[in-house]
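Colleague: Structure, please.
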Amino acid sequence: MLTRICLRCGREVEQGKQCQCMNTTRREYENEGRRKDVRAFYDSQMWRKLRESIKARANGCDEYVFATTDRIVPGYLVHHIYPADEYPAMRLLPNNLIYVSKDTHDWIHSVYRQGLDAKHELIKKLFRIVAKTDDDAVNWYYKSLDDSMPQRSHRQKH
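Modeller: Prediction:
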């Protein structure tokens, strides 16, 4: 019997059959699987702006596939290189974000589940890919921080 590795969860699955993890629909995941504070983060204006900036940095293409194969594949989502739930302080850092296709994203998470050595090797590779891109996303991030800070009045009180 031929088997394959599920790109979504990393389980071994019989070739030609769908993995059981695919039975969970996106809506079920959004409504039940994700905590409300996490959902609020991904719905925030700051995240939406940063996500668009990362997408623009990648010209809408999967950054991993382009860097490793020179092929142009449309991207689908912004991935946190260091997972946002494990490293919340890094969740808005542009250099911790990479624009990838759904297939690449699923593959990345399957590698992360293989163990710490595999995870850290891939993280290093992803950071090298992001480091080769321009600094527009980084500049946008720091500018947006300045814009979001309350402005102090410079008027003196008499």
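Colleague: Am I right that Ala118 is in contact with His109?
Modeller: No: Ala118 lies out of contact with His109 (Cβ atoms under 8 Å); the separation is 11.5 Å. Just so you know, the C-beta spots here come from the backbone N, C-alpha and C atoms, and that holds for glycine as well.
Colleague: And these two? Which one has more around it.
Modeller: Legend: neighbour count by other Cβ atoms under 10 Å for Ala118 and His109, higher for His109 (16 against 13).
Colleague: So that one is in contact with Cys6, correct?
Modeller: No: His109 is beyond contact range of Cys6, at 10.4 Å (criterion: Cβ under 8 Å).
Colleague: I'd like to know how far Ser110 sits from Leu93.
Modeller: Using Cβ to Cβ, to the nearest Å, one gets 24 Å for the distance from Ser110 to Leu93.
Colleague: cool, and Cys61?
Modeller: For Cys61 relative to Leu93 (Cβ to Cβ), the value is 21 Å.
Colleague: wait, what's in contact with the residue nearest to the spatial centre of the chain?
Modeller: By Cα atoms, centre = their mean, the chain has its centre lying nearest to His79, at 1.0 Å. Residues in contact with His79, defined by Cβ atoms under 8 Å, 6 or more residues apart in numbering, are Leu97, Ile98, Tyr99, Val100, Thr104, His105, Ile108.
Colleague: Fine by me, we can end here.
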